[in-house]
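[1] this is the structure alone, sequence omitted:
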Ligand SMILES: C[S@@+](CC[C@H](N)C(=O)[O-])C[C@H]1O[C@@H](n2cnc3c(N)ncnc32)[C@H](O)[C@@H]1O
């Protein structure tokens, strides 16, 4: 890490990181990104959920793009709401109609309340997000309809038993609830594989499994909105460079070199997928291969990324070697 820092300050290029993982699966191109919390279902799970939940009734998918993909031919009466920028290109590749790009931490339009018989939601596995999405689901779903949401297992993290109990309490306030144990499986995304390899662990198998929580909403049981709006410091601009998705934090107080090594990174890779990683607030640039850097000159880095993406004709200025190495 120190050597990398010296190389940067001396203006030397970094060694291109070794390619340690298999090339991305076609359906995950452009690559998934940790900042979007993109953990996709395995093929069995997405097709089963599409078959079970996308019938003739109007349905809304909150952050379930693979189910939208598998159900595209089954139902025209379905809406996908998701915030991911990379997903726009993925939907195009899949030949699936675009969804609504929106942040589900903000309240959905009132005009949509009670519009759907089925709400399938797969929020990030964080208590606050899950409660906010559940509240949204309770308002979007019609009385007598169905809400289905994966619920992480008791052993997923130390706080899992306590958080599961809170989520189940919130669900029961909406209506009768049922749990289908271990009904949902996920693929391990490339960013998680890279994080494990960087921290010295072997590439993980597809280990994420969840129960499926099913709720039948009763009349007048919508949950009130909860939680603060998203922080301004968590706004990111996104570029798609080939298969990679690169994010640059907005609203940074620039200082230091244009691109610098992050203290907790190992060979420029963040060795963790924890949202509460202590160094996260220092990350200015973050790629879908989990490579991270601090940014001391946001405007220049944005200009270089524009140039690499072929946006705006280019200024003729060459992006520096360290940026090229980060996205190699
Ligand atoms: C855990 S993944 C679920 C994906 C699902 N398992 C699938 O295979 O289709 C969370 C999804 O929600 C989206 N997402 C994350 N945070 C969001 C937010 N605040 N608002 C809207 N969408 C969000 C992500 O882009 C991602 O598609």
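    All right, it came through fine. The model shown is predicted, which means the values in this text are computed figures rather than measured ones.
[2] longest strand of the protein?
    strand 141-152 (DSSP state E).
[3] quick one: classify residue 307 as helix, strand or coil.
    helix (DSSP: H, G, I helix; E, B strand; the rest coil).
[4] isn't it right up against residue 320?
    No: using Cβ atoms under 8 Å, residue 307 is not in contact with residue 320; the gap is 11.3 Å. The way it works is simple: take the backbone N, C-alpha and C, and place the C-beta from them, glycine included.
[5] residues touching residue 120, list them.
    49, 53, 59-62, 64, 67, 147-149 (Cβ atoms under 8 Å, 6 or more residues apart in numbering).
[6] next up, phi/psi of it, please.
    phi -110, psi 120 (degrees, to the nearest 10).
[7] contacts only, for residue 115.
    By Cβ under 8 Å, 6+ apart, the contact set of residue 115 is 58, 60, 140, 142.
[8] min pLDDT across the residues you listed, which one?
    For the contacts of residue 115, the weakest pLDDT value sits at residue 58, with 93.
[9] phi first, then psi, for that one.
    phi -60, psi 130.
[10] excluding covalently adjacent residues, which one is nearest to it?
    Leaving aside its chain neighbours, residue 58 sits nearest to residue 77 (4.5 Å; criterion: Cβ to Cβ, 6 or more residues apart in numbering).
[11] how about residue 62, nearest residue that isn't a chain neighbour?
    Distances taken as Cβ to Cβ, 6+ apart place residue 121 nearest to residue 62, at 3.9 Å, with adjacent residues excluded.
[12] surely that neighbour touches residue 135?
    No: Residue 121 lies out of contact with residue 135 (Cβ under 8 Å); the separation is 10.5 Å.
[13] sketch out the helices for this protein, chain order is fine.
    For the chain, the helices defined by DSSP state H occupy 2-9, 43-53, 65-70, 86-94, 127-140, 160-174, 190-198, 298-309, 321-326.
[14] in this structure, which residue sits closest to the ligand?
    Using Cβ to the nearest ligand atom, the closest approach of the chain to the ligand is made by residue 63 at 2.5 Å.
[15] wait, what's in contact with that residue?
    81-83, 104, 121-123, 133.
[16] in strands, which of the residues you listed fall?
    81-82, 121.
[17] now these as TSV including pLDDT and distance to the ligand?
    Below are the ones in strands among the contacts of residue 63 laid out as TSV (pLDDT from 0 to 100; distance: Cβ to the nearest ligand atom, whole Å):
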residue	pLDDT	distance to the ligand
81	96	6
82	97	4
121	98	9
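[18] on that earlier part again, what strands line up against the longest strand of the chain, and which way round?
    strand 116-121 (parallel), strand 209-215 (antiparallel) (DSSP bridges).
[19] tilt between the longest one and helix 43-53?
    Pointing back at strand 209-215 there. 10 degrees (axes from the mean of the first three to the mean of the last three Cα atoms, to 10 degrees).
[20] touching the ligand at all, strand 209-215?
    No: with Cβ under 6 Å from any ligand atom as the criterion, the ligand is not reached by strand 209-215; the gap is at least 9.2 Å.
[21] that strand vs helix 160-174, what angle?
    20 degrees.
[22] what lies in contact with strand 209-215?
    If you take Cβ under 8 Å, 6+ apart as the criterion, strand 209-215 is touched by 137, 146-153, 167-168, 171, 174-186.
[23] please redo it, this time with the cut-off set to 6 Å
    Contact with strand 209-215 is made by 147-152, 171, 174-175, 177-185, as judged by Cβ atoms under 6 Å, 6 or more residues apart in numbering.
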